[in-house]
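J.: Give me a 3D structure for the following:
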Amino acid sequence: MNSTPEELDELGELERLLPTGPVERGLPSGRHSHHKDVLMQLIDRDRERETNDVRALPVPRPRLLSRPALVAGAVAVALAAGLTVGIGSGQHDGGGTAARPGASSAGGSGSRSAVATLGRIAAVAMRTDVEVVGENQFVYVRSTTAGNDGGFEGPVKPGKPHERQVWFSQQAGATIDVGLIHEDGEDWPIEVGVVDGTDPKDAGIPAGIDRPTYAWLASLPTDPEALLKLLYKETPQDETRKDRGQVVFNEIGNLISEQIMPSATAAAFYRAAARIPGVTELPDAVDAAGRHGIAIAREDTSDGTRTEWIFDRASLDYLGERTVFSRDTTRAKVGTVLFNTAVLERAVVDKRGQEPGERRRAGRS
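T.: Below you'll find the predicted structure:
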């Protein structure tokens with residue numbers, strides 16, 4: 001799953017196309033290096049770039065990142081750069097302990113407190129009733145999110161919290177129509193670009209780690225050891241990070257933040273996360289809605305940020321996620337919040353754009 005030389009060349013060309021203005025709004029986990037890879041994979045340019053006649057090309061390996069505002073932020077970047085968009089949705093005891101690709105608990109685990117708390121969170125998840133999501137339905141998530149309004153890879157300027165709604169398609173087969181985001185008063189289709197004359201069926205994204213449907217999540221192993229090995233294998237490589245454990249931790253964060261999954265699967269994700277070296281617990285963190293909770297965290301020493309999954313202290317329900325700077329950098333001082341989100345509502349709905357209240361009034365609860 002390593003990026004090819006051709007893909008890396010595309011990334012360099014995309015970076016030259018990117019504007020210098022504020023385009024990183026809403027990027028999750030402070031992964032400014034990772035979102036360049038996302039944009040490279042999701043937004044391609046035509047061979048005739050010098051003519052400015054840019055079309056969406058097929059996505060070689062689209063990333064479906066289910067993080068608040070990532071897709072909308074990618075769209076904003078693409079539009080600012082004059083590109084036509086093909087979209088796929090989608091720390092901390094000093095951390096930085098690199099886990100070997102394919103490693104599991106044999107390579108270490110999180111701190112004792114983090115392991116214990118993740119075990120309690122998993123137990124709560126296992127007892128939670130979850131509605132099965134059908135192939136013709138959508139996963140709906142409403143959240144409050146705040147990102148970086150500063151320049152691309154420049155000084156961070158924390159943005160104001162705003163509401164975001166997302167609908168993820170559950171279609172079993174490959175599709176180019178992944179879902180919809182409503183943010184800043186606008187609708188942003190989540191779809192994959194298709195070359196002129198190409199059958200959309202040949203360009204669609206199948207259900208999988210790049211498009212995690214309920215059915216795909218239900219198919220995953222619920223043994224945490226087996227699940228973690230699968231995640232190390234299937235999570236796309238990030239050429240900007242040698243710490244594979246951080247990449248997998250981020251991927252689990254992607255999956256638990258804006259999806260609905262079987263109780264046993266959710267519990268397995270938390271137990272798998274406990275086996276990643278460098279994972280620790282923080283006594284207090286605040287989500288984008290101002291709610292305080294405990295955090296399961298991991299530090300990304302490559303860019304001086306810490307990713308925190310925030311849970312209610314009493315119920316241990318998932319609240320949201322934030323990324324803060326864990327040390328002073330050229331971009332921000334320690335403690336600066338790069339990204340913050342609060343999940344306010346999750347539900348199953350019957351069509352794109354439908355809100356849970358509309359479904360209940362229609363007699364579907």
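
J.: Please, which helix or strand holds R142?
T.: Assessed by DSSP states H and E, R142 sits inside strand 138-146.

J.: mind listing what that strand pairs with, with the direction of each?
T.: Using DSSP bridges, strand 138-146 pairs in its sheet with strand 162-169 (antiparallel), strand 337-349 (antiparallel).

J.: mind listing what's buried in the shortest one?
T.: Of the residues in strand 162-169, H162, R164, Q165, V166, W167, F168, S169 count as buried by neighbour count, 16 or more other CB atoms under 10 Å. All C-beta atoms are positioned from the backbone trio N, CA, C, and that covers glycine.

J.: before we move on, what about stretch 291-310?
T.: Within stretch 291-310, the residues that count as buried by 16+ other CB under 10 Å are 291, 293-301, 303-310.

J.: Start and end of that stretch, how far apart?
T.: One end of stretch 291-310 sits 9 Å from the other (CA to CA, to the nearest Å).

J.: Go ahead and confirm L344 touches R142.
T.: Yes: with contact defined as CB atoms under 8 Å, L344 reaches R142; the gap is 5.0 Å.

J.: So A288 sits against G320, correct?
T.: Yes: under the criterion of CB under 8 Å, A288 makes contact with G320 at 6.0 Å.

J.: shared neighbours of those two, anything?
T.: The contact sets of A288 and G320 overlap at S143, N340, T341, A342 (CB atoms under 8 Å, 6 or more residues apart in numbering).

J.: Can I get the buried residues of strand 162-169 in TSV including distance to R120?
T.: Output for the buried residues of strand 162-169, formatted as TSV (distance: CB to CB, whole Å):
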residue	distance to R120
H162	32
R164	29
Q165	30
V166	28
W167	32
F168	28
S169	33
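
J.: For stretch 325-341, what does the pLDDT average out to?
T.: Stretch 325-341 comes out with an average pLDDT of 96.

J.: Kindly report the same for stretch 286-294.
T.: Stretch 286-294 shows a mean pLDDT of 98.

J.: How about D149, nearest residue that isn't a chain neighbour?
T.: Of all residues beyond its chain neighbours, the one nearest D149 is G159 (4.1 Å), with distances taken as CB to CB, 6 or more residues apart in numbering.

J.: related to what we said a few turns ago, so which of the buried residues of stretch 291-310 belong to strands?
T.: Among these, the members falling in strands (DSSP state E) are 293-300, 305-310.

J.: What is the most widely separated pair among those residues?
T.: Farthest apart among those by CB to CB are G293 and D300. That separation is 20.9 Å.

J.: Point out where the protein drops to low pLDDT.
T.: In the predicted model, the chain carries pLDDT under 70 at residues 1-107, 193-202, 363-365.

J.: can you pull out the helices in it?
T.: Along the chain, the segments classed as helices by DSSP state H run 5-17, 32-42, 70-80, 112-127, 200-203, 214-218, 224-234, 244-257, 263-273, 356-361.

J.: Can you spell out which helices and strands pack onto the last one?
T.: To tie it back to what came earlier, the one meant is helix 356-361. Applying 3 or more CB pairs under 8 Å, 6 or more residues apart in numbering; DSSP states H and E, one finds that helix 356-361 contacts strand 337-349.

J.: Please save the CA atoms from the strand it packs on in PDB.
T.: The C-alpha trace of strand 337-349 is given here as PDB (Å, rounded to 0.1, in the frame of the first residue of the first chain):
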ATOM      1  CA  VAL A 337      -6.100  23.300  19.700                       C
ATOM      2  CA  LEU A 338      -5.700  22.500  16.000                       C
ATOM      3  CA  PHE A 339      -8.900  20.500  15.600                       C
ATOM      4  CA  ASN A 340     -11.900  19.900  17.800                       C
ATOM      5  CA  THR A 341     -15.200  18.100  17.300                       C
ATOM      6  CA  ALA A 342     -18.200  17.100  19.400                       C
ATOM      7  CA  VAL A 343     -20.600  14.400  18.100                       C
ATOM      8  CA  LEU A 344     -24.200  15.500  19.100                       C
ATOM      9  CA  GLU A 345     -26.300  13.000  17.400                       C
ATOM     10  CA  ARG A 346     -26.000   9.700  15.400                       C
ATOM     11  CA  ALA A 347     -28.900   8.000  13.700                       C
ATOM     12  CA  VAL A 348     -30.100   5.800  10.900                       C
ATOM     13  CA  VAL A 349     -32.100   7.500   8.200                       C
END
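
J.: Appreciated, that's everything.
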